[in-house]
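K.L.:
Generate a structure from the sequence data that follows.
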Amino acid sequence: MAETEIVVRPFKMIGEVFTGVAGVFLIITAVGQDWVEVQFFRTSHVITWGLWDICVGGVCLPDSGWLEICRGMLLLAVLLSLTAFVCGVVGLCVHSHCSKRVWFLLAGALLSLVGDHYVFWMSSISIPISISIHRDLPAHKGQSH
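P.N.:
Residues are numbered from 1 along each chain as shown. You can find the predicted model right below:
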């Protein structure tokens, strides 16, 4: 009777654990009510915003375009990371060496898409917003724009 020896590589197990942890953090981020709460020094109202709404002084504003894009990008990241996690679990359970390699390559490609999407899309959303915010702020004493 021939014995089959199953070898589990520690880096693949560690990668699968970290993929699961990242997926949990992405889900927590997606369902979080408020990401930021701020009160500017010249105003008395508190501004809070998260993925689902922006509220100024307790009054929630209608969705803006950049918030909808952020919501879509984060939900895409959640779906890609959970799909990568499932691919990694299947890769750990498959006994064929060739099939195992394909599942891990697919998981790595999906996680690369998650990372690329954060670098490209989030920077292309946040940089124009920060530029428009800084342009609208008044200059401090002794400074000019």
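K.L.:
Next secondary structure after the longest helix anywhere in the chain?
P.N.:
Scanning the chain for the helix with the most residues, using DSSP state H, yields helix 65-93. Downstream of helix 65-93, the first helix or strand assigned by DSSP states H and E is helix 97-117.
K.L.:
Contacts for that following helix next, please.
P.N.:
Outside of helix 97-117, the residues within contact range by Cβ atoms under 8 Å, 6 or more residues apart in numbering are 12, 19, 73, 76-77, 80-81, 83-85, 87-88, 90-92, 94. For the C-beta atoms, the positions are set from N, CA and C on the backbone; glycine is no exception.
K.L.:
Rank the helices and strands of the protein by mean pLDDT and give me the bottom one.
P.N.:
helix 123-136 (a mean of 52; mean pLDDT, DSSP states H and E).
K.L.:
Report the separation between residue 119 and residue 59.
P.N.:
34 Å (Cβ to Cβ, to the nearest Å).
K.L.:
again, but for residue 108
P.N.:
Distance from residue 108 to residue 59, by Cβ to Cβ: 45 Å.
K.L.:
Likewise for residue 9?
P.N.:
Taking Cβ to Cβ, one finds residue 9 at 54 Å from residue 59.
K.L.:
When the two are compared, which one has more neighbours?
P.N.:
residue 9 (11 against 8; other Cβ atoms under 10 Å).
K.L.:
mind listing what's buried in stretch 108-119?
P.N.:
108, 110, 111, 113, 114 (16 or more other Cβ atoms under 10 Å).
K.L.:
State the mean pLDDT of it.
P.N.:
For stretch 108-119, mean pLDDT is 80.
K.L.:
Please name the spatially closest residue to residue 15 (chain neighbours excluded).
P.N.:
Leaving aside its chain neighbours, residue 15 sits nearest to residue 88 (6.9 Å; criterion: Cβ to Cβ, 6 or more residues apart in numbering).
K.L.:
actually residue 39, not the one I typed
P.N.:
Residue 39 sits nearest to residue 46 (Cβ to Cβ, 6+ apart), 4.8 Å away.
K.L.:
Surely the one you found is in contact with residue 40?
P.N.:
No. Residue 46 is beyond contact range of residue 40, at 9.4 Å (criterion: Cβ atoms under 8 Å).
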